[in-house]
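Provided below for reference: sequence and predicted model.
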Amino acid sequence: MVENTLHSISLYLPEIVLVVTLCVIIVADLVLKNQKHASAWIMLGGLATAGIFVMLQAGTVESIFFGMAAVDPFATFFKVLLIFTGIFVVLFSMKNRELEGYSSRMGEYYMLFSGMMLGMLMMVGATNLLLMFLALEIASISSYVLAGFTKRSLRSSEAAMKYIIYGAVSSGVMLYGISLLIGVTAATDINAINEAIAAGVEQTMMLNISVLMILVGLGFKIAVVPFHFWAPDVYEGAPITIAALLAVASKIAAFAMLIRLFSVSFIDASGLSTTGTWSSVEGIHWGLLLGGMAALAMIVGNLAALRQDNIKRMLAYSSIAHAGYILMGLVIMSSEGLTSIMIYLFIYLFMNLGAFYVAMLFMNKAGTESIEEYKGLGHRAPLAGAALTIFLVSLTGLPPTGGFVAKLYIFGAAISGGWIWLAAIAGITTIISLFYYIRVVRNMYFFKPDEDAGRIEFDISSKVILFALLVPVLLTGLYFQPVLEFARNSMLMFGF
Amino acid sequence: MELTTILFYLFALVTLGSAATMVFSKNIVHSAFALMFTLMGVAALYVLLYADFLAATQLLVYVGGILILILFGVMLTSQGYTLSFKTITVNLIPASLISVGIAALLIFAFLTTDWTISEVAERTDTVYDLGMLLMGDYILPFIAVGVLLLIAIIGAILMSTRLSAENEGVS
Amino acid sequence: MELNIFGIGILTWIVFIPIVGMIIVLLLPDKNRNAIRWTAAVATGIQVVLAGIIFAVFDRAKLGINDAESFQFMEKYSWITVEAVPWVGRIEINYFLGIDGLSVLMIILTSLIAFIGVISSWNIDKMVKGYFALYLLLVTGMMGVFVALDFFLFFIFWEVMLLPMYFLIGLWGGPRREYAAIKFFIYTFVGGILMLLTMLALYFSVAYTDPATGQSVHTFNILHMMNPANYVDGGLLSGVDTTWRYVAWMALFINFAIKIPLFPFHTWLPDAHVEAPTPISVILAGVLLKLGTYGLLRINFPIFPDATVYFIYFMAALGMISIIYGAFCAMAQDDFKKLIAYSSISHMGIVVLGIAALNTQGMVGGVLQMFNHGIITAVLFLSVGVLYDRTKKRGLYDFGGIATQMPKYTGLAMIGMFAALGLPGLNGFVSELFSFLGAFEAYKWITIISVTGIIITAGYILWTIQRVYLGKTPEKLADLKDLTPREVLMFVPLIVLIILLGIYPAPAIELMNSSLSHLVEFINAGGM
Amino acid sequence: MFTNLPIIILLLPLLAFILMIFFGNKLPRKGDWLATGMMALTLVLSVVLLITKVGSHSAEVFTSSFDWVVVGSKTIGFGIMIDNLAAIMLVVVTLVSTLVHLFSIAYMKGDVRYSRYYAYLGLFSFSMLGIVLTNNILLMYVFWELVGISSYLLIGHWYEKKSASNAANKAFIVNRVGDFGMFIGIMILFISFSSFTFEAIFDSISAGQLPFGSEGWLTAAGVLIFCGAVGKSAQFPLHVWLPDAMEGPTPVSALIHAATMVAAGVYLVARVFPMLTADALMVIAYIGAITALIAATIAITQFDIKKVLAYSTISQLGYMIMALGVGAYTAGFMHLVTHAAFKAGLFLGAGSVIFAMHASLHKLHDHDTDAQDIRNMGGLKAKMPVTYWTFLIFTLAISGIPLTSGFLSKDEILAGTLAFSTINGHWLLPLVAFTVAGLTAFYMFRLFIITFHGKAANEKILAGVMESPKVMTIPLMVLAALSLFFFYSFNPFGASSGWFYSAVVRPASMVPELLQPAAYPVFYEAVSSVHTIAMVLSIIIAVAGVYLAFMVYQQKKISAEKLAQRAGFLYKGATNKWYFDEMYNRVFVNGSHVIMKALRWFDETIIDGIVNGAATVTQLFASISGWIDTNIVDGLVNGTASTANRAGGLLSHIQTGKVQTYLLFVLFSFVVLFILFL
Amino acid sequence: MSSAIFEPGLNHFLVVSALLFSLGVMAVLSKRNVIMVLMGVELILNSANINLIAFSRFTELSLDGQMIGLFVIIIAAAEAAVALAIVLNVYNRFKTINLDEINLLKG
């Protein structure tokens, strides 16, 4: 038992590193009072170390801590994405003007940040309902506070409050669902649940209800219609770095959990066909349920985004829409679909973070989040403008950017899975999305800047970060084989 | 009727009754005290379910901790110009429709479900078993929940303390 | 046939030379405008030379279309390959370029028009660097579409054109440029999405067996999509004459019809043309519209021969409507550019009618018309541009008596006009003749109605000539200067081609004759 | 000989065109000598060719061609064809062209676009020779359009005048209408026979192949090709362009709109004659007759010297067409040739008059008086003797007075129509033919008398009038000589014995026996039997016409006004050209304006509206859903509260900012899904 | 027989939990005061806990149910602490804790 635990610990190093980072930051915060970015650098170091450990786990397939968590390529893939996001957001945070007024609290900021990273990493690997819930709560509670971090701002406070109320209720409902699921199957481990269901559970109604209630919680995390309402308000109110984190990392972690939960628990293991499609457990129609949610998310997200003026809010709605696209990959219930989700998330990470980053740079320099006030910015800041254009184009899904490849795979999976109507909705909403993305571009370029408004210059490090985001977006658009293979290999954990 | 049956109904009544009082009371302080009785009722129900340790925890953590926290919250936020403990209800009709609907649906679902019951014998030493589980199968959640509490404390401090004076003026 | 320069295939060169130019342009300092212009000119000039080489060594007898062996200058490299997994088979995207008789003329056209576009862009002063960078990117996109044989690659090039075009219209255009740009963008984007969905459906329905390994490979290879044997059992688009195949055909058709533009998908065109700067109008009308008809011929026809035959009457009818409708609308315009824009709709209708004939004359006529129309409208737009540069006006009633003031210019412009009107001896006639001949064989009455379009065309062209060039010179135009040598330079190659091909079109026709004959046979045999 | 020479003949004017367009202005005298010289050279070569060809007394046809282009498996060749018809036509064209070149040296002197004018003349000559020489209907169509464009350019030579450019446009567009038919006819032939050459087409037809397997389509093809001729030869109902075309310089009118281009239609009919069915020929004959009559009636009422000549041209072209229609092939073609000479002469004579008038008016600084209106002339006889005498010869010729060439050809036509009607009873044709003969004599002498005889309308103007220079009178004299009978036949009363009749023979019909005109087998006998009657009748009628003109205009015995009054609406109709222009304006011009305006509206409002409407519709949906939000959802949420003040907004309306509302939605969706799942 | 129905079995506890859950929902949806809403959340969590422990008593789940219940109580405490801190902060900014008055962010 002890050996087991010790062995498990050796496989849980990335998470442990993050806990250690948290502690080191606490200490450092006490010791190094005057070092502006000390915590940030420690955090970066921690994330990098965690990242190295994650990489070292590549290829391992093991269940650890008595079945509580798993270390497998699937988790590794998502952990890599999460750590990437984490590193970028730390870098953003170092650049963010918004946070400068809170320099005495930056220690806490990074403590919570590492807490959130820890929660998300645990979400990705968890295979036990309890640990899943716990991990979710760790991530959530840190993010509630982070959303309100700029506490002098009314909006930030309001965002935190809305977020926590919404989150608490959602996780309450989810917990209730979990309790029912556990009750029906008398098991807490997702594999055991699957076995129990496969062995024949008669209470399908109960199962359906519990699936539904769990979806309320996960849907909240993913921000998918109709559980998305918090997202625009919270993104707008939260500091932009945290908004980026919520839009990307949170979503990635929640998707990983959703995929793991659903595709392990609720699929009919005997129904795996050679064509790579599976069928859900008899009686549970989660495919259609998720399909409907995906369609709604695409429609609502894109339509509502049309009306937004605040760029963060617009990106929030856009992220809702993207959640819809991603969800489409799960609905299809095939390894194709999962692969496409993973590719999508990989690319989504870079392009969405990129959009948030440029929005942040503009807020730093031009002091505005309003798209209307972006007029002429493209002329004042050519590089950032061009970069934002590329990110937005990528979010729209035009080649030769990564966003296109992402959409290509998702659409392809939908078509190959026979979900033509869903693909059609996705197509139509993509067209709608063009309107609001291109509006930003239009505002940036099609208006002359004011005479007295000078050129906006950025320092080297800002540019480096920008390029670090830009290059993958463009590169994946033209050569995405490595991503594809990475994603594909990461699917092996499911045994198909 | 057996004692346990009577006790069950009694506790259920206390729990639900005080919960209803909590929800429908106009005075927030009354609500808070009603919540206390609810939580105690739930603890009593735990006892009926052979979960004595949990009942104790419930009393300690909830009644001793969370409730006090809530009362502090009530007191801290009810001062100043809104010196009033009155709570106002919004969305009454849709909210009641939805809650009644949920209750009805859940009860319907519960009652029509054919549960596989395998009644366990009365447990005496759950504390030991729980302890063993915590150190064994549940070691990871156990540690994680510790981290969670740490984070919560940091968060709560961050949120509830004022910023230092020189920074306060910056905004 | 292969032709490598420094170990890289000539098609890669011709496609990516503008990208090289773009990079150089981006690296040059903002201030050095002439260097930027010259870079663009050299890049496109090299393209013209390469196109000339291709023209010279192109093997006229090879068929192409569906036969991978007979494509020329072929380059095929594995781009993205995901090894076999049991339930999907191998996934394959290739960097697959090649040309046949269908595309070779388009390549020549593109390089020529691109080069002339650069010359006519010489007097663009606003944000020169950005302009030429986007311009060169656009050229790569266009060229790429014409040489790509992999659907994925085709799609990428197709969409790559969108954004540069959007900016080129939106930033350097006229007063309502924003509206025009977004309209263009959205129209094309809608088409792009339709094409994307169809492309994916095709991809999942097509899997060929790799002869080397015996594996089943999903592929975007357009040529493999043409072979009915490659369709997997139960694929969405497998079989013949199924509803889904019709839907797919329609989706692609709408996409291409938007580009052509065919009634009723045409309304982006007048706006885009009117607002775009002259060189971009030239590119737009000269090359971009051809992408639509080229797409029909390269993708719709050979991949869905059954659906093509099913819908062909409908297509011919749309062609007819476009001819007449475009001509009448052109007649109603007061704006010179808008008039030409509508005339493009009318002339592209002839292309559609010609290729809808599904016989060799019609096809040859249609493809030749694509080429000729490219050259003719380029001349027309350049003519408008010359006047616009001098007067900043485009209204037909703003002019008059230009012939007296600018005889050289008028002479050149009138040749373009007459070519547009289908005057024998100029190239427009030849292609219209064959288009109509082919169409007449297939659809008597549709063609007869369409031919009335030539009367209307004569009407509006002559009316335009009368309003702009003839009559007394008004006071305000009294000091117009005739063409500068640079302007003459941009007209001359086009005019020479107009006359040469009008008198002796054989060099152009022999390039495509065998390919198109093969295409016709292929479709009429139901793609077997 | 028959391969290289025609090509040289064809290309010389083209060379002249190219040289003149590029270097014209840089040459001494702006290159008029070059153009004229090259044209004269062409004439010499043509004459050589004619003499060789006709002198060989063989009906042999020389063709040579090359492959122009290969489309699919079909090869399209272009080539030339020399037969007697072409050889004669060559000389006609080059001769008139040369004379017009010469005439223009004086007439166009000092014009701003002098060299351009000569260039266009070269282009025209080239195109016209192309029509004559080609062996191939497609190539003929090509040159057909090219003469159209050169005609357009020359009519619009003085494009500063609105009327000139209008006339140019009208000419081209009306011709396009005819060409539209011709184009379709060509398509029918090519689709059916896979070739454009006359030879191949005729061979296929005689081998029994029919277009689309139907006799109707063969007739249709013939009639459609004839449409080209209707346009170019200004036949009813497309005759309206020719009078307007008089806006061009007068030598141009002589060359293009009298002698050559307008005759191309006749040449075309002659060329495709073997494939015309009886029905098609009947159509042709009647169209010709109607044209002849209408134009003649209008000519009587006109006062513009060129307009009168223009209508007379139309009328004479109608004659030719009618002659071909009834099968008097040689007569029709001969009339083409003779008409070319005297009508070119008439126009050049008119040009000489106008030139003189202009010069005189110029001296008087009078810019208001119309130099072309015959009412402003009169008494020119004394001042311009050469012009007068030559003009008289031309007038006699066109009136069909014996000893002139016009008599020879017209007489044969009349005989032909008469013979035709005796065989199958189409008596309307000879009736019209003879009426028109009388009318022609009348209106031509009306013109002649008003212009040259009588009192001058304005003595001052007359005083300034002088005879034209030599370069102008020499062409007149040459043409006058050619308007006499002996060039065509040594017998002044019968052309059928002359060389012309032996050189030009009606080709055998290639159409199936059943479709051939029933009259053919007995036609020649009938002609010879009615010939004398026709001749006598024609002389009587012509003389009567001349006499009547003398009575009215010279002797003033009969008042022209009274006559006009007597004729009433007929006169009014004729003066107004039978309202063709007005009708066409109403129907076609206004019609197309209405259509184009309507389509423009449709395009900008409906089609574009639909596109923009996508946005509008979205907005509509937005407002509908907004309304639902405000009035129903929020109404539900707030119980009783009025929510009218919450206007606008789309889905953002659900986004109220109130977290409880959000939760309400969440749990509501949950309940709904719950129920769905039960 | 009739006593068997009244005998407290799994269903009885579940019904209590369902009612408690719906009361929690009612509080969450209908109370203006944030603290009342938070109390409602506590009710929801408690109802879930009743479920878990009931299952632990009546099904094969055994002690796992109790274990999870234990964790839930801790999580609830943590959440409540953070929530109240956030509410206090909001109160400091807005001087109110009425949820429908705190809606700067909307649309």
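Everything's here; your move.

switch to C-alpha atoms for all contacts and neighbour counts from now on
Noted.

count the neighbours of residue 29 for me.
You didn't say which chain, so I picked chain A. When neighbours are counted by other C-alpha atoms under 10 Å in any protein chain shown, residue A:29 registers 21.

my bad, the chain I had in mind was chain E
By the measure other C-alpha under 10 Å, the count of residues near residue E:29 is 28.

repeat for residue A:454
12.

that one: what secondary structure?
coil (DSSP: H, G, I helix; E, B strand; the rest coil).

quickly note the distance from the residue lying closest to residue C:424 once chain neighbours are set aside to residue D:61.
Spatial nearest neighbour of residue C:424, chain neighbours left out: residue D:142 (4.9 Å); criterion: C-alpha to C-alpha, 6 or more residues apart in numbering or on different chains. Residue D:142 is 22 Å from residue D:61, where distance means C-alpha to C-alpha, to the nearest Å.

what about the two, which has more around it?
Just comparing residue D:142 and residue D:61: by other C-alpha under 10 Å the higher neighbour count belongs to residue D:142, 22 against 13.

could you report the pLDDT at the residue in chain B positioned nearest to chain D?
Distances between chain B and chain D by C-alpha to the nearest C-alpha are smallest at residue B:91, namely 5.5 Å. Turning to residue B:91, the model gives it a pLDDT of 79.

I figured it hits residue E:29, correct?
Yes: between residue B:91 and residue E:29 there is a contact under C-alpha atoms under 8 Å: 6.9 Å.

how close does the most centrally placed residue in chain D sit to chain E?
Nearest to the mean C-alpha position of chain D, counting by C-alpha atoms, centre = their mean, stands residue D:232 at 2.4 Å. Note on residue D:232: its distance to chain E, by C-alpha to the nearest C-alpha, to the nearest Å, is 72 Å.

and if you look at residue D:51?
Taken as C-alpha to the nearest C-alpha, the span from residue D:51 to chain E is 96 Å.

quick one, grab the pLDDT at residue 79.
I'll assume chain A. 93.

actually it's chain E I care about, not the one you picked
92.

thought the residue nearest to residue C:424 was touching residue C:425?
Yes: taking C-alpha under 8 Å as the definition, residue D:142 is a contact partner of residue C:425 at 6.8 Å.

quick one on the thing from earlier: which phi and psi does the residue of chain B closest to chain D have?
Note on residue B:91: its backbone torsions stand at phi 50, psi 30 [degrees, to the nearest 10].

buried ones in the helix or strand hosting residue C:508?
Using DSSP states H and E, the element containing residue C:508 is helix C:506-524. Residues C:506, C:508-524 are the ones in helix C:506-524 that count as buried (16 or more other C-alpha atoms under 10 Å in any protein chain shown).

chain D contacts on chain E?
E:28, E:29, E:30, E:99, E:100, E:102, E:103, E:104, E:105, E:106, E:107 (C-alpha under 8 Å from any C-alpha of the partner chain).

if we use 10 Å, what do you get?
For chain E, the residues found near chain D under the criterion C-alpha under 10 Å from any C-alpha of the partner chain are E:25, E:28-32, E:37, E:99-107.

and chain C, which of those contact it?
Within the set of these, contact with chain C (C-alpha under 10 Å from any C-alpha) is found for no member.

ok, of these, which come out buried?
Burial by neighbour count, judged by 16+ other C-alpha under 10 Å, picks out E:25, E:28-32, E:37, E:99-100, E:102-103, E:105-107 from these.

break down chain E into its helices, ranges please.
E:2-6, E:10-30, E:34-58, E:63-94 (DSSP state H).

tell me how far the longest one lies from the chain's centre.
Same thing as helix E:63-94. 10 Å (C-alpha atoms, centre = their mean, to the nearest Å).

what are the buried residues along it?
Buried, per 16+ other C-alpha under 10 Å, within helix E:63-94: E:63-93.

related to what we said a few turns ago, out of the helices of chain E, nearest to residue C:309?
helix E:10-30 (61.8 Å; C-alpha to C-alpha).

can the helix holding residue C:508 be found next to chain D?
Yes: residues of helix C:506-524 contacting chain D under C-alpha under 10 Å from any C-alpha: C:506-510, C:512-518, C:520.

OK, contacts around the residue nearest to residue E:28 when sequence neighbours are not counted?
Excluding the flanking residues, the one nearest residue E:28 by C-alpha to C-alpha, 6+ apart is residue E:37, at 4.4 Å. By C-alpha atoms under 10 Å, 6 or more residues apart in numbering or on different chains, the contact set of residue E:37 is A:165, A:168-169, B:23, D:660, E:24-31, E:43, E:99.

can you give me the pLDDT of residue E:37?
91.

just the endpoints, please. Distance across stretch D:54-61?
Stretch D:54-61 has an end-to-end distance of 11 Å (criterion: C-alpha to C-alpha).

give the buried residues for that stretch.
Buried residues in stretch D:54-61 (16+ other C-alpha under 10 Å): residue D:54.

quick one: mean pLDDT over that stretch.
78.

list the contacts of that stretch.
D:2, D:49-51, D:53, D:81-88, D:499-500, D:502-505.

among these, which ones are in strands?
Of the contacts of stretch D:54-61, the ones assigned to strands by DSSP state E are D:81, D:82.

so residue 349 is in which element?
As the question left the chain open, I've gone with chain A. Going by DSSP H and E, residue A:349 is part of helix A:335-366.

not quite, I wanted chain D
Using DSSP H and E, residue D:349 maps to helix D:329-363.

tell me which helix or strand comes right after that helix.
Counting by DSSP H and E, what follows helix D:329-363 is helix D:380-383.

which strands and helices lie in contact with the very next helix or strand once past that following helix?
Of the helices and strands lying after helix D:380-383 in sequence (DSSP H and E), the nearest is helix D:385-399. Applying 3 or more C-alpha pairs under 10 Å, 6 or more residues apart in numbering or on different chains; DSSP states H and E, we find helix D:385-399 packed against helix D:305-326, helix D:329-363, helix D:380-383, helix D:405-424, helix D:428-452, helix D:470-482, helix D:520-549.

try it again at 7 Å.
helix D:329-363, helix D:405-424, helix D:428-452, helix D:470-482 (3 or more C-alpha pairs under 7 Å, 6 or more residues apart in numbering or on different chains; DSSP states H and E).

pLDDT-wise, which helix or strand of chain B ranks last?
Lowest on mean pLDDT, DSSP states H and E among the helices and strands of chain B sits helix B:165-168, with a mean of 48.

quick check: chain neighbours aside, which residue is closest to the residue of the stretch 51-200 of chain A found nearest chain D?
Per C-alpha to the nearest C-alpha, residue A:162 is where the stretch 51-200 of chain A lies closest to chain D, at 5.9 Å. Excluding the flanking residues, the one nearest residue A:162 by C-alpha to C-alpha, 6+ apart is residue D:659, at 5.9 Å.

I'd assumed residue A:160 was in contact with the one you found.
No: counting by C-alpha atoms under 7 Å, residue D:659 sits too far from residue A:160 to count as a contact (11.4 Å).

out of these two, which sits in the busier spot?
Looking at residue D:659 and residue A:160 with other C-alpha under 10 Å, you find the greater number of neighbours at residue A:160, namely 31 against 25.

residue numbers of the stretch 251-400 of chain A in contact with chain D?
When proximity is defined as C-alpha under 7 Å from any C-alpha of the partner chain, the stretch 251-400 of chain A approaches chain D at residue A:304.
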